[in-house]
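K.L.:
starting from these lines, generate the structure:
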Amino acid sequence: MGPQPGVALTTYSTKPRGGVVHTLSLAQALHRQGCGVHVVALGDPGKGFFRPVDVPHTIVSAPQGGETLEERVFAAIDAMADWLDENARRFRIVHTQDCISCRAAARVRDAGAPITVLRTVHHVDDFTTPALINCQHQAIVEPDGLVVVSEQWRSILRSDFRVDATVIHNGVDPARFGPIDPARRARLRDTVGATDRFLLLSVGGVEPRKGSVHLFRALGRLRERMDPSPVLVVVGGESFQDYTAYRDTAVAELDELGLRLGDDVHILGPVSDDELHGWYRSADALAFPSIKEGWGMAVLEAMCADLPVVASDLPVFREYLTDGVTALLPAAGDHVALACALERVAADAGLRASLRSAARDLLPRFTWDRAAHEHRRLWGL
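P.N.:
A predicted model of the protein is given here:
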């Protein structure tokens, strides 16, 4: 048997959320560079990850049930800790990607395992119970080192938690989002009635930090201003937290806005990697009006698919996007400004072409190979 890998990358899920995409993409780049890396995730070992993975990995059975978020979080920490306790000596470094796996790794380290625990903080969740707020706090102050994916979150951790972090930006894999057969594009557009309507794509599901309510309200304004009015397709939405109440409230507002679910708005939920690729290549623009983001990986993914982007004027987006050049950045949470930006991009083919061209120039700055090199430098490998 050859030498065991020296680095474990751990994540709380096997589903298509940003942190999981980050973990798998980084692991694949490290593997290509010859770095001994092993991905550990909570999930269903029988189902595997949402996309093929050619990196050594283990899927730890995720606990089932739990009536509350608090119960689910602490059960997940226990499950990850049990696996790490049995396997920690295989690794010199356990680099965690979320508060669940971080708390588990820190517990095993503190019990005597000879591991260094690092964590990438993608963003800080808006927990409401004291136990979960404390859990998240500990998952930021307990690690031996921290990574963030933007300067904005480095600043937030300094001010709110009095800790420092190393900034390593996310990457993107252009090969995942290349051109598709025009016939497939036409079929996808036809399924949502967008044969002759402008097609907006939203990635991340219907949840508070994605600004979904503001996007629906902006679309309502566009229905009054544009003929034909745009179609919105919403994909994604895998989350450890339950946003059913927010989603139900947002969808209930569609009637008041003059919008019809299944006609003007299509909420498709989680989709496969291949389906996501298809929608990126079939839409006319990405609508990504988040009110809170760690980075916003969908922005770079859309750009790889030659999709012009309308995002939000958030500090994290301003780190790599320029309003009017690489994207349109209306004020976050302002559905009127968002509607104006979406109308501009829908009405102006020249603007769309300019945004696509500038995005192509931006993309080479953000590769997973670069991110892998920066992680190896951090780890001393």
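
K.L.:
with adjacent residues omitted, what lies nearest to residue 225?
P.N.:
residue 343 (6.2 Å; Cβ to Cβ, 6 or more residues apart in numbering). Every C-beta, even on glycine, is put in place using the N, C-alpha and C of the backbone.

K.L.:
residue contacts, that neighbour?
P.N.:
Residues counted as contacts of residue 343 (Cβ atoms under 8 Å, 6 or more residues apart in numbering) are 222, 225, 226.

K.L.:
right, and the helix or strand after the host helix or strand of it?
P.N.:
Here residue 343 sits within helix 335-347, counting by DSSP states H and E. Next along the chain after helix 335-347, taking DSSP H and E as the criterion, comes helix 349-362.

K.L.:
got the angle for that following helix vs helix 335-347?
P.N.:
Using axes from the mean of the first three to the mean of the last three Cα atoms, to 10 degrees, the inter-axis angle of helix 349-362 relative to helix 335-347 is 100 degrees.

K.L.:
of the contacts of residue 343, buried ones?
P.N.:
Burial by neighbour count, judged by 16 or more other Cβ atoms under 10 Å, picks out 222, 226 from these.

K.L.:
look at the residue nearest to residue 312 when sequence neighbours are not counted and say how many residues are nearby.
P.N.:
Spatially, and ignoring its direct neighbours in sequence, residue 312 is nearest to residue 332 (3.9 Å; Cβ to Cβ, 6+ apart). By the other Cβ atoms under 10 Å criterion, the neighbourhood of residue 332 contains 20 residues.

K.L.:
coming back round to it: buried set for the helix holding residue 343?
P.N.:
Of all the residues in helix 335-347, those buried under the rule 16+ other Cβ under 10 Å are 335, 337, 338, 339, 340, 341, 342, 343, 345, 346.

K.L.:
ditto for stretch 150-162
P.N.:
Residues of stretch 150-162 classed as buried by neighbour count (16+ other Cβ under 10 Å): 150, 152, 153, 154, 156, 157, 161.

K.L.:
again, but for stretch 317-330
P.N.:
Neighbour-count burial for stretch 317-330, with 16+ other Cβ under 10 Å as criterion, is recorded at 317, 320, 321, 326, 327, 328, 329, 330.

K.L.:
helices of the stretch 1-150 of the chain, start to end?
P.N.:
18-32, 69-87, 99-110, 130-141 (DSSP state H, counting those that start in this stretch).

K.L.:
any figure for the gap between residue 163 and residue 39?
P.N.:
Separation of residue 163 from residue 39 (Cβ to Cβ, to the nearest Å) stands at 26 Å.

K.L.:
who has more neighbours out of these two?
P.N.:
Comparing residue 163 with residue 39 by other Cβ under 10 Å, the one with more neighbours is residue 39, at 27 against 14.

K.L.:
which residue, other than its chain neighbours, is closest to that one?
P.N.:
residue 57 is the one closest to residue 39 (Cβ to Cβ, 6+ apart), at 3.9 Å.

K.L.:
how many other residues sit next to that neighbour?
P.N.:
By other Cβ under 10 Å, the residues close to residue 57 number 19.

K.L.:
so it sits against residue 38, correct?
P.N.:
Yes - with contact defined as Cβ atoms under 8 Å, residue 57 reaches residue 38; the gap is 6.5 Å.

K.L.:
still on that earlier bit, can you redo the helices of the stretch 1-150 of the chain as JSON lines with mean neighbour count, mean pLDDT and distance to residue 254?
P.N.:
Listed next are the helices of the stretch 1-150 of the chain as JSON lines, based on neighbours: other Cβ atoms under 10 Å; pLDDT from 0 to 100; distance: least, Cβ to Cβ, whole Å:
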{"stretch": "helix 18-32", "mean neighbour count": "22", "mean pLDDT": "94", "distance to residue 254": "26"}
{"stretch": "helix 69-87", "mean neighbour count": "19", "mean pLDDT": "94", "distance to residue 254": "27"}
{"stretch": "helix 99-110", "mean neighbour count": "25", "mean pLDDT": "96", "distance to residue 254": "34"}
{"stretch": "helix 130-141", "mean neighbour count": "16", "mean pLDDT": "92", "distance to residue 254": "31"}
